[in-house]
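>>> structure for this input, please:
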Amino acid sequence: SGEMNIKLAERNDLVSIVNILDKTTLKLLRKGIEQWSYPWPSSIVEEEINKGLVFKMELDNEILGTFMIKPIHRLNSLHINPNSLYVGRIAIIPEYQGKNLGASIINFCRAISQEHKKDMYLDCWAGNNKLKSFYMSCDLDYLGDFPEDDYHISIFQF
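Coordinates of the predicted model:
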């Protein structure tokens, strides 16, 4: 296995990133996890890439995963520092899931949170127990489950 690295996505990564999001979403939908809608609108992802919010995880120049980090001022009903960051849309190609790439992404995000001295949050569908246990195993603080639209989300903090 070659070198794994995480860096900002560029405009020419758009097709690969939308493809990863679509594949990951289909896998979630097959498990009955409806946190994301299929297919992903390229225009939204492109706009976020242009704003420098989207990251890619590469192995030997192949993109295996993606996530975004964006500034947030509020999160659900939580009282948060308005100068906080939010990690969203962590997606790893299904063939590479379960190989600890998620932990590398979490560690990368933790480093950014510490470097910028900002609180950082992420969430998942409250019914996704496997993902919740994973986040807890990464030493994230579990803040609880909160109602969102017609379901609940579990929120974690770095």
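>>> list the contacts for the closest residue to residue 59 other than its chain neighbours?
The shortest distance from residue 59 to any residue that is not its chain neighbour, by C-beta to C-beta, 6 or more residues apart in numbering, is 5.1 Å, and that residue is residue 4. Just so you know, the C-beta spots here come from the backbone N, C-alpha and C atoms, and that holds for glycine as well. Residue 4 makes contact with 57-59, 101, 104 under the criterion C-beta atoms under 8 Å, 6 or more residues apart in numbering.
>>> what number of residues lie near residue 106?
As a burial measure, the neighbour count of residue 106 was computed by other C-beta atoms under 10 Å and equals 22.
>>> was I right to think residue 22 contacts residue 36?
No - the pair formed by residue 22 and residue 36 falls short of the contact definition of C-beta atoms under 8 Å, at 9.4 Å.
>>> for residue 147, name its beta-bridge partners.
In this structure, residue 147 bridges to residue 152 when assessed by DSSP bridges.
>>> roughly how far apart are it and residue 154?
When C-beta to C-beta, to the nearest Å is the yardstick, residue 147 and residue 154 sit 12 Å from each other.
>>> the more surrounded of these two?
The residue with the greater number of neighbours, taking residue 147 and residue 154 and applying other C-beta under 10 Å, is residue 154; the counts read 21 against 11.
>>> now the more buried one, nearest residue through space, not along the chain?
In this structure, residue 154 finds its nearest non-sequential neighbour in residue 126, 4.7 Å apart by C-beta to C-beta, 6+ apart.
>>> tell me the contacts of the one you found?
132, 145, 151-154.
>>> and what about the residue nearest in space to the middle of the chain, helix, strand or coil?
Within the chain, one residue has its C-alpha closest to the average C-alpha position: by C-alpha atoms, centre = their mean, that is residue 90, at 2.4 Å. For residue 90, the secondary structure call by DSSP: H, G, I helix; E, B strand; the rest coil comes out as strand.
>>> that one and residue 103: what is the separation?
Applying C-beta to C-beta to residue 90 and residue 103 gives a distance of 11 Å.
>>> residue 73 too?
For residue 73, the distance to residue 103 (C-beta to C-beta) stands at 28 Å.
>>> again with residue 42
According to C-beta to C-beta, residue 42 and residue 103 sit 29 Å apart.
>>> can you give me the helices in this protein?
With DSSP state H applied, the chain shows helices at 14-30, 42-50, 101-115, 129-137, listed in chain order.
>>> starting at the chain centroid, how far to the last one?
Mean C-alpha position of helix 129-137 versus that of the full chain (C-alpha atoms, centre = their mean, to the nearest Å) differs by 14 Å.
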